[in-house]
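> give me the fold of what follows.
(chains A, B, C and D)
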2 protein chains.
Amino acid sequence: MLDVLKQHIIDRLGKDAPNVEEVLRHFKPVRVRRNTILLRHGEVCKYVWFIAKGCVQVFVYDAEANEMTRDIVLENNWVSELISFGNRQPATENIRTVEPCELLAIDREGFQKMMETVPQFEMVYRQILEASYANSVYRLNTFVSMDALDRVKWLMEFKPRFLNRLSNKLVASYLGISQETLSRLKSKL
Amino acid sequence: MLDVLKQHIIDRLGKDAPNVEEVLRHFKPVRVRRNTILLRHGEVCKYVWFIAKGCVQVFVYDAEANEMTRDIVLENNWVSELISFGNRQPATENIRTVEPCELLAIDREGFQKMMETVPQFEMVYRQILEASYANSVYRLNTFVSMDALDRVKWLMEFKPRFLNRLSNKLVASYLGISQETLSRLKSKL
DNA sequence: TGAAAACCTTGACATTTGTCAAAGCTGGCG
DNA sequence: CGCCAGCTTTGACAAATGTCAAGGTTTTCA
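Predicted coordinates:
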């Protein structure tokens, strides 16, 4: 399981990154079944997870207690509630596995030790942050500038795996539309 | 004009931050009238701007060539197209002043020199990035979980200055709704 | 300061999207 | 492997939002 993370880091920092093994030591492997809650809103987020295998959903509740998903993260990526994690604030979002997952978790203490002792890790963190931000920006632009149909087309172009792999219900809540609307729009294409 | 930036940096790094003057040297003051294009999509974003005074709009065009705004940034904040700026990629977004502005611009060269020579500047950059990311996350959650009316209420609670200060048209495009809908919803409250 | 342009509001209507319900399907888990 | 909770699709209708148009108001800038 650690192999996947090792490769991920090498891809980013170059093969001669000296402290990879040192970095890996701080991560705790976790295997969880699908539908496992990793973070409940109101709690402080204690970990950053690397997803070695599986898929995870970040979601909030709307006024009628429906789950609306702000983000979906596949394997070989990072997931957390960075705002809560960084400032020890109560999280505003929930995180849950969508499939059985193999995760590598690092807690705040480990994270900070790494930031101090492994200079390259700061770089990795910044890359996580930049990638998460870029993702949000693109996604925001779909919401302000596209209607439901165009968002579905956007998803097919830029996130094609979501449609094969995930339930319609989940994808609809990611697009901010109802399951029925998604079902009808897909049959139009 | 530099005073505003100086205070901003001191607020973040503490009063004894040793290199504030060194930092300020890298910024070029710019005064521009309203409706000045700072970045056109397709171009590479050459600067990060600190807004000492005024207000700026980050926007894209929808399928009918309407301007839809992904972000609005007021004075005492940073604005850029960080993805384009960092990777020298063509920008996907446009940036334009909404009011007469006093800006402090730093280019890529200055930015990188600062990252190398002033260790605290790396911290400032990370804080810009984290704040921008947090902003996007909250905003995304309004889109996936709220209808138009709830987004207007959200704006009144969390961005009250926008409604006083900006045109209805601009605010509507920020909320992803039509001007007419915003006008009607506001009269309902 | 005054003319032109842009903006705001309101009405009527069109379109999109949501809601509820029902029936068939599927896949996760015992 | 089979059952059942949960998912998907479809229809009919309701609600939300968009579009177009017109008239009044405000803002801009020459």
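> part of a helix, is A:Trp154?
Yes. According to DSSP: H, G, I helix; E, B strand; the rest coil, A:Trp154 belongs to a helix.
> mind checking how far it is from DNA strand D?
Computed with CB to the nearest atom of the strand, to the nearest Å, the distance linking A:Trp154 and DNA strand D is 17 Å. Where C-beta positions appear, they are placed from N, C-alpha and C, glycine not excepted.
> wait, that residue sits on A:Met146?
Yes. Between A:Trp154 and A:Met146 there is a contact under CB atoms under 8 Å: 6.4 Å.
> buried sites along the helix or strand of chain A with the lowest mean pLDDT?
Using mean pLDDT, DSSP states H and E, helix A:20-24 stands out as the lowest-scoring helix or strand of chain A, at a mean of 86. The neighbour-count check on helix A:20-24 (16 or more other CB atoms under 10 Å in any protein chain shown) flags A:Val20, A:Val23 as buried.
> name every strand pairing with the helix or strand just after it and say which way it goes.
Using DSSP states H and E, the helix or strand that follows helix A:20-24 in sequence is strand A:28-32. Strand A:28-32 has the following strand partners under DSSP bridges: strand A:101-107 (antiparallel).
> how far off centre is the partner strand?
The chain centroid and the centroid of strand A:101-107 are separated by 12 Å under CA atoms, centre = their mean, to the nearest Å.
> for chain A, what spans make up the strands?
For chain A, the strands defined by DSSP state E occupy A:28-32, A:37-39, A:47-53, A:55-61, A:67-74, A:77-79, A:94-97, A:101-107.
> mind listing residues that contact the second one?
Going back to what we said before, that points to strand A:37-39. A:32, A:45, A:47, A:49, A:56, A:81, A:84, A:91, A:93-97, A:103 (CB atoms under 8 Å, 6 or more residues apart in numbering or on different chains).
> tell me the buried residues within those.
Judged by 16+ other CB under 10 Å, buried ones among the contacts of strand A:37-39: A:32, A:45, A:47, A:49, A:56, A:81, A:84, A:91, A:93-97, A:103.
> how about those in JSON lines, adding pLDDT and distance to A:Asn164?
Output for the buried ones among the contacts of strand A:37-39, formatted as JSON lines (pLDDT from 0 to 100; distance: CB to CB, whole Å):
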{"residue": "A:Val32", "pLDDT": "95", "distance to A:Asn164": "23"}
{"residue": "A:Cys45", "pLDDT": "98", "distance to A:Asn164": "30"}
{"residue": "A:Tyr47", "pLDDT": "97", "distance to A:Asn164": "29"}
{"residue": "A:Trp49", "pLDDT": "97", "distance to A:Asn164": "23"}
{"residue": "A:Val56", "pLDDT": "97", "distance to A:Asn164": "17"}
{"residue": "A:Glu81", "pLDDT": "96", "distance to A:Asn164": "27"}
{"residue": "A:Ser84", "pLDDT": "96", "distance to A:Asn164": "31"}
{"residue": "A:Ala91", "pLDDT": "97", "distance to A:Asn164": "30"}
{"residue": "A:Glu93", "pLDDT": "97", "distance to A:Asn164": "25"}
{"residue": "A:Asn94", "pLDDT": "97", "distance to A:Asn164": "25"}
{"residue": "A:Ile95", "pLDDT": "97", "distance to A:Asn164": "22"}
{"residue": "A:Arg96", "pLDDT": "97", "distance to A:Asn164": "20"}
{"residue": "A:Thr97", "pLDDT": "97", "distance to A:Asn164": "18"}
{"residue": "A:Leu103", "pLDDT": "96", "distance to A:Asn164": "22"}
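> what residues are shared contacts of A:Trp154 and A:Met146?
By CB under 8 Å, 6+ apart, no residue touches both A:Trp154 and A:Met146.
> pLDDT value on A:Lys15, please?
With respect to pLDDT, A:Lys15 scores 73.
> from A:Ile9, how far off is A:Trp78?
According to CB to CB, to the nearest Å, A:Trp78 stands 11 Å off from A:Ile9.
> residue numbers of chain A in contact with chain B?
Taking CB under 8 Å from any CB of the partner chain as the measure of proximity, chain A contacts chain B at A:60-63, A:68-71, A:82-83, A:86, A:92-93, A:122, A:126, A:129-130, A:132-134, A:136-141, A:143-146, A:150, A:173-174, A:176.
> would you write a ChimeraX line that selects the buried entries of these?
In ChimeraX, this line selects whichever of these come out buried by 16+ other CB under 10 Å:
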select /A:60,62,68,69,70,71,82,83,86,92,93,129,130,132,133,134,136,137,139,140,141,143,144,145,146,173,174,176
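> pLDDT weak spots in chain A?
Applying pLDDT under 70 to chain A flags residues A:16.
> determine the longest helix present in it.
helix A:119-145 (DSSP state H).
> what packs against that helix?
helix A:2-13, helix A:82-87, helix A:108-117, helix A:148-158, strand B:55-61, strand B:67-74, helix B:82-87, helix B:119-145 (3 or more CB pairs under 8 Å, 6 or more residues apart in numbering or on different chains; DSSP states H and E).
> output those as JSON lines; include the columns distance to A:Lys169.
Below are those laid out as JSON lines (distance: least, CB to CB, whole Å):
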{"stretch": "helix A:2-13", "distance to A:Lys169": "28"}
{"stretch": "helix A:82-87", "distance to A:Lys169": "26"}
{"stretch": "helix A:108-117", "distance to A:Lys169": "34"}
{"stretch": "helix A:148-158", "distance to A:Lys169": "14"}
{"stretch": "strand B:55-61", "distance to A:Lys169": "29"}
{"stretch": "strand B:67-74", "distance to A:Lys169": "28"}
{"stretch": "helix B:82-87", "distance to A:Lys169": "31"}
{"stretch": "helix B:119-145", "distance to A:Lys169": "14"}
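> B:Val4 is nearest to which of those?
If you check each of these against B:Val4 by CB to CB, strand B:67-74 wins as the nearest, at 12.0 Å.
> list the helices and strands the closest one packs on?
Where contact means 3+ CB pairs under 8 Å, 6+ apart, strand B:67-74 is packed against helix A:119-145, strand B:55-61, helix B:168-175.
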